[in-house]
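# Got a sequence here, can you build the structure:
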Amino acid sequence: MLQKKLGQRIADLRKDRRLTQVQFARALGCSVEFVSLVERGVNAPSVARLEDFAKALKVEVVDLFTFTGRKPTRMRRLRISKSGSWTTT
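Down below sits the predicted model:
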């Protein structure tokens, strides 16, 4: 599931930048077939290659995992109350 979402996100970002798969593959130094496999969610780039994908798309690595339709989660701070129990703020 994550692999398919990542592939779709990469494809969307590539299209937003008006890059063909051929142009994108050249920028990455890989084959068009690999780009196609990644975008279809059949294959996934290695962690080391994620930086190359982000750089070619002119985004941060975290932006590759920012999927549309997903609500951001709010971080909650935990603290210990005077009574010794955990509370959130």
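# how near is Val32 to Gln8?
18 Å (C-beta to C-beta, to the nearest Å). C-beta coordinates here come from the backbone N, C-alpha and C atoms, glycine included.
# what's the answer for Val59, then?
Val59 is 15 Å from Gln8, by C-beta to C-beta.
# which ones are touching the spatially most central residue of the chain?
In the chain, the residue lying closest to the centroid (C-alpha atoms, centre = their mean) is Leu64, at 2.0 Å. For Leu64, the contacting residues are Leu6, Arg9, Ile10, Leu13, Leu50, Phe53, Ala54, Leu57, by C-beta atoms under 8 Å, 6 or more residues apart in numbering.
# again, 10 Å this time
Contacts for Leu64 were tallied using C-beta atoms under 10 Å, 6 or more residues apart in numbering; they are Lys5, Leu6, Arg9, Ile10, Leu13, Pro45, Leu50, Glu51, Phe53, Ala54, Leu57.
# ok, the third one touching Thr66?
The one in question is Arg9. Yes: counting by C-beta atoms under 10 Å, Arg9 touches Thr66, with 7.4 Å between them.
# and those two? which has more neighbours close in?
For the pair Arg9 and Thr66, the greater number of neighbours falls to Arg9 (19 against 12), based on other C-beta atoms under 10 Å.
# rewinding a little: top of the contacts of Leu64 by number of neighbours, please.
The most crowded member of the contacts of Leu64, judged by other C-beta under 10 Å, is Ile10 (24 neighbours).
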